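1. Return a 3D structure for these sequence lines:
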Amino acid sequence: MPRTRALELLVVDDDPDFLHSLVALLREMKYDAATASDLAGARAALSEKPYDAVLVDEELPDGVGGVLRQPDQERR
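-> Numbers count the residues shown, from 1 in each chain. Coordinates of the predicted model:
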């Protein structure tokens, strides 16, 4: 059964070439993909709206990607 809407993804990576390539591929696959280049940008994006999934680099300039959680995940 086809998806009724594109999944909304947030991609977080500090390598601009990798980020651009991955987002281009995801959009080609009909995903909606937003980007951030660090944890601060990712947290700002997550505070504005929820995403279906977050793809995050583990080593970012301002911290470790594994600490990033969407606001609704923090309450669990």
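2. Tell me where the model's unsure across this protein.
-> Counting by pLDDT under 70, the chain has low-confidence residues at 1-3, 64-76.
3. which residue is nearest the centroid of it?
-> residue 10 (1.9 Å; Cα atoms, centre = their mean).
4. which ones are touching that residue?
-> Shown in contact with residue 10 (Cβ atoms under 8 Å, 6 or more residues apart in numbering): 33, 34, 35, 36, 42, 45, 46, 51, 53, 54, 55. Yep, even glycine has a C-beta here, placed from its N, CA and C like the rest.
5. Just give me how far the helix or strand where it lies sits from the chain centre.
-> Assigned by DSSP states H and E, residue 10 falls within strand 8-12. Per Cα atoms, centre = their mean, to the nearest Å, the displacement of strand 8-12 from the mean C-alpha position of its chain is 2 Å.
6. The next helix or strand after it - contacts with which helices or strands?
-> Toward the C-terminus, strand 8-12 is succeeded by helix 16-28 as the next helix or strand (DSSP H and E). In this structure, helix 16-28 makes packing contacts with strand 8-12, strand 32-36, judged by 3 or more Cβ pairs under 8 Å, 6 or more residues apart in numbering; DSSP states H and E.
7. Just the buried positions in the helix or strand that the last one is followed by, please.
-> So the one you mean is strand 32-36. Going down the chain from strand 32-36, the next helix or strand is helix 39-48, by DSSP H and E. If you call a residue buried by 16 or more other Cβ atoms under 10 Å, then helix 39-48 has these buried ones: 39, 41, 42, 43, 45, 46.
8. What of stretch 52-62?
-> Using 16+ other Cβ under 10 Å as the test for burial, stretch 52-62 gives 54, 55, 56, 57, 60.
9. if you look at the residues you listed, which of them are in helices?
-> In helices, defined here by DSSP state H, there are no members of the buried residues of stretch 52-62.
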